[in-house]
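Participant: Could you work out the structure for the sequence below:
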Amino acid sequence: LPSGQESLPVASGLRFATPDSVTTLSGSSMGQLITSYTHSLTDRLSLATELFMQPRTHDAIFSVGYQVKLRKAIVRGMVVSNGRVMASVKDEIAPNTALLL
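Facilitator: Predicted coordinates for the structure are as follows:
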């Protein structure tokens with residue numbers, strides 16, 4: 001490239017799905033690699049993992065999450081290797097109306 005011009009990042013990915021799981025792998029020309037795996041244990045319970053890697057800076061972040069579908073609500077949670085813990089509840093209070101906590 002001529003002096004002073006930057007190249008645009010390019011990303012690509014792969015996805016493999018079965019009836020009860022999804023596996024993904026993506027990467028970019030900036031060096032980031034992300035892989036994830038989601039598995040539906042039952043119609044109501046799913047578990048997931050994700051690994052984010054930045055080889056240039058030797059950074060890696062791992063997370064584990066879950067999703068539970070209740071009759072009128074969805075509960076989600078995640079624990080991340082950098083110390084973050086997250087949870088949310090999405091409650092259907094009326095048709096086409098939801099409350100996210």
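Participant: Low-confidence ranges, this protein, go.
Facilitator: Residues of the chain that meet the criterion pLDDT under 70 lie in 1-6.
Participant: Report the contact partners of the residue nearest to the spatial centre of it.
Facilitator: Among the residues of the chain, the smallest C-alpha distance to the mean C-alpha position (Cα atoms, centre = their mean) belongs to Glu50, namely 6.0 Å. Remark: with contacts taken as Cβ atoms under 8 Å, 6 or more residues apart in numbering, Glu50 is in contact with Ile34, Thr35, Ser36, Tyr37, Phe62, Ser63, Gly65. In short, each C-beta sits where N, CA and C put it, glycine included.
Participant: would CSV of those with secondary structure and neighbour count be doable?
Facilitator: Converted to CSV, those look like this (DSSP: H, G, I helix; E, B strand; the rest coil; neighbours: other Cβ atoms under 10 Å):
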residue, secondary structure, neighbour count
Ile34, strand, 17
Thr35, strand, 16
Ser36, strand, 17
Tyr37, strand, 15
Phe62, strand, 13
Ser63, strand, 17
Gly65, strand, 18
